[in-house]
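# below: sequence and its predicted model.
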Amino acid sequence: MMPMKWQGKHSMHPNAPCAACGDIEGCHLPSQVRYATKPKIVCLCGSTRFYDAFQEANYRETMAGKIVLSVGFYPHSANVHGEGVGATEAEKEKLDILHCQKIDMADEVLVLNVGGYIGESTFREVQYAHGQHKLVRFLETAK
C-alpha cells in the first residue's frame, strides 16, 4: 500500500497547509515540533452491558482532546453488535489480555461503574491498572 502524500505532515488533511510552516507538499520539521503536546490516552473499562455509557464516555473524552481506547465487542448489551454472539473461553481470555494491553498503552483508565456496578472482570482490570501505576478515574463516585 502506497503512503498518502500528506502522511506525516503537520496538517492531517490532504488539502490543508501545515499550520506550523505553511507547506502543502512536505513539512520537514521533526515530529517533536509537529505535535507540541501529546494528547492523553484514556482506556475505558466497565461492563459491556453499559453500551450507552461507553459511547457517551468515548464522546466526552474525545471532545476533551484525549485518545480513547475502548472495547470492540459488546456481548452483554441488547441491540448492538455482539448481542447473542458467544465467545469461547479461549476468546474471552484473549480479549481480557487485549484489554490489559490497552491499559498498558493508556495514561489513565476511566471505569464506567454505572449504578456503582463493578463486575469481576472490571475489578481485575482496575487492579491491573493500579499495578501498572495508572491513574484510575470512576464515572460515578462511591455512595
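Here it is on my side, so go on.
# C-alpha from now on. contacts and neighbour counts both.
Will do.
# mind naming the longest helix for the chain?
In the chain, with assignment by DSSP state H, the single longest helix is helix 89-105.
# just checking, what packs against that one?
With contacts taken as 3 or more Cα pairs under 8 Å, 6 or more residues apart in numbering; DSSP states H and E, helix 89-105 sits against strand 41-46, helix 120-131.
# what's the following helix or strand after the last one?
Going down the chain from helix 120-131, the next helix or strand is strand 135-138, by DSSP states H and E.
# residues in contact with that following strand?
Residues outside strand 135-138 that contact it (Cα atoms under 8 Å, 6 or more residues apart in numbering) are D107, E108, V109, L110, V111, L112, N113, V126, A129, H130.
# and the third one, how many neighbours does it have?
The local packing of V109 (other Cα atoms under 10 Å) involves 25 other residues.
# how about low-confidence regions in the protein?
Residues of the chain that meet the criterion pLDDT under 70 lie in 1-36, 75-86, 143.
# show me the domain layout of it.
Listed by automatic domain parsing, the domain ranges of the chain are 1-34, 41-138.
# D104 and H133 touch, don't they?
No: the pair D104 and H133 does not pass the contact test of Cα atoms under 8 Å, sitting 9.7 Å apart.
# more neighbours: the two, which one.
Set D104 next to H133 and count neighbours by other Cα under 10 Å: D104 wins out with 17 against 12.
# check contacts around that one.
Neighbour list for D104: A129, Q132 [criterion: Cα under 8 Å, 6+ apart].
# now do the buried residues in stretch 104-122.
Buried residues in stretch 104-122, counted by 16 or more other Cα atoms under 10 Å: D104, A106, D107, E108, V109, L110, V111, L112, N113, V114, I118, T122.
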